[in-house]
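Student: Just need the structure, nothing else, for what follows:
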Amino acid sequence: MTNYSIIGVDGFTSGLAKLFSLMPANEETNLCIFSSNTKKIGTRLYGYTIQEFSSEGLEYMDVIILAIPANQVIKFSIRHQRLFSQKIIVDCSNKLGNGVELQQKLPNSHVVKTLTSINLYTIRDPNYTPRPQGFMPLAGENQQALNIISDMLKYLGYQPQAYASIEFSRYMEHANLKNFPHWTFPITVGGSLVTIFSAYAIVDRNIAYGNPWYGQSIQTLNAGVSCAALALFSLTYSIGPLALIKQRLSKRILTEHQDPYLVDMLARRKQFGLVAMVLLFEHAVLSSMLFSSTYFSYFSIENSSGESALSNAAMLSLSAGVTAFGLDTMVAISSLPNVQLGWKEWRTIQYYVGWLALLLAAAHVFFMGYDDLMTESENGYTWPSLFFAALVFPMLAVAMKTTSLMVDSIYDLRHCSSRLLSKVGLFSSDTTVSVEVIEEDDESQERELLVNDI
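Tutor: Predicted coordinates for the structure are as follows:
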């Protein structure tokens, strides 16, 4: 019988305990949970009693799973180095370098890095049911320890992938943190766009048009935030068509080596979209604070009774804006990893609903400022207003999408013609040409696989 133990009582311990409790009974598996938190000792966690952390309790444990904060793993292990001697220590932390350093500090123990990508939120869901969890990497120096932990992972429902070197733990730690830098660039772009559009609003409305400066700070911020959100949504839906155009024109599959920037942008589309959603939410809140004829005079007309009322353009603008906000919210929610959708459902929301939301957002801006697309300054100069500047990005996205559809149609038509000509035998007198047509057709099918994923 293998005796497993978990040290620590937090969300990770709770998730593991639930996994152990849900799996079929196994006579060769025993789990104990240890904690130094006196408030937790004696309580039960998914059927397992939490015991007081002690040397006597750990003496008969074969495997010790460290479910403690990543920054305390090394210090805690050094402090209990004698207790951990000749035992298998499972490090689940994602702090870079923890796995290698832990093995160096515990030369008499067998450190195994694994469970670094466990989804606690899904497992702790009350409606969660046991099912195959997919691949789970593990790394360590001792083969027997790897075999024992591989058996544990199988018991928990995972498919273990063992690597006989603790150095591989560096890759595992980095792999789970590598998505975070994907947010740095989108957030930077979003902040820069807010700054640029806010500055443009000041030049357009205060300096050129001559609006008073007092009471304009929140409205200026609202203009910058809303325009930045529209620009980011447009950028999100422009990257795919741009990749498709380049792939069709270059007649090759996009690769990270040959197209590093474009491939990187494709990988960041979700982040761009979610940052845009945050800005859109801020725009909705700020607009609710400001909404009155004092700030939005272009929304109001005077009715027959002499009272201020919404114009037809204002009603169209608000209807389009509210609908776009709801659709964008649906698209953002479908992007979250815990939302489970089929491929067709996901594509329908991300593609059709997303494009409809973008067009409605552009309509919201257009109906709001179609009379003020150009600004005439006090000195008689005329240039594009903030409304026009905001519409540039969705217009570019639509132009990019239209171009990609045209290029894709020409590509498909050309290859359909090639296949038809080769089938009717028009090239039968030239064997070389016929072979080239067939080979090109095979390549087109390979390229099609990637196109469908963009």
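
Student: buried residues in stretch 37-57?
Tutor: 40-41, 45-46, 48, 50-51, 53 (16 or more other CB atoms under 10 Å). Placement of C-beta: from N, CA and C, glycine included.

Student: Where strands are concerned, which of these count?
Tutor: Under the assignment DSSP state E, the buried residues of stretch 37-57 contribute 45, 48, 50-51 to strands.

Student: Just flag the most distant two among those.
Tutor: 45 and 51 (10.9 Å; CB to CB).

Student: Can you convert the ones in strands among the buried residues of stretch 37-57 into JSON lines and add a column each for pLDDT?
Tutor: Formatted as JSON lines, these follow (pLDDT from 0 to 100):
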{"residue": "45", "pLDDT": "81"}
{"residue": "48", "pLDDT": "82"}
{"residue": "50", "pLDDT": "84"}
{"residue": "51", "pLDDT": "84"}
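
Student: can you put these in CSV and add distance to residue 190?
Tutor: Converted to CSV, those look like this (distance: CB to CB, whole Å):
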residue, distance to residue 190
45, 41
48, 45
50, 44
51, 49
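
Student: For residue 312, state which of these is nearest.
Tutor: residue 45 (61.7 Å).

Student: Domain boundaries for the chain, per the record?
Tutor: What automatic domain parsing lists as the domains of the chain is 2-177, 181-399.

Student: Can I get these in a markdown table including distance to residue 407?
Tutor: A markdown table is the format used below for the domains of the chain (distance: least, CB to CB, whole Å):
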| stretch | distance to residue 407 |
| --- | --- |
| domain 2-177 | 35 |
| domain 181-399 | 5 |
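
Student: Which helix or strand contains the closest residue to residue 111 other than its chain neighbours?
Tutor: Residue nearest to residue 111 in three dimensions, not counting chain neighbours: residue 103, with 4.2 Å by CB to CB, 6 or more residues apart in numbering. Element membership for residue 103 (DSSP states H and E) is helix 98-105.

Student: Next, work out how far apart residue 195 and residue 138 are.
Tutor: For residue 195, the distance to residue 138 (CB to CB, to the nearest Å) stands at 46 Å.

Student: neighbour-wise, which of the two wins?
Tutor: Set residue 195 next to residue 138 and count neighbours by other CB atoms under 10 Å: residue 138 wins out with 24 against 12.

Student: Which other helices and strands does the one helix or strand that one maps to contact?
Tutor: Assigned by DSSP H and E, residue 138 belongs to strand 135-140. If you count contacts as 3 or more CB pairs under 8 Å, 6 or more residues apart in numbering; DSSP states H and E, strand 135-140 packs onto strand 110-113, helix 143-156, strand 159-163, helix 168-177.

Student: Which helix or strand lies directly C-terminal to the last one?
Tutor: Read that as helix 168-177. Proceeding N to C from helix 168-177, the next assigned helix or strand is helix 181-201, under DSSP H and E.
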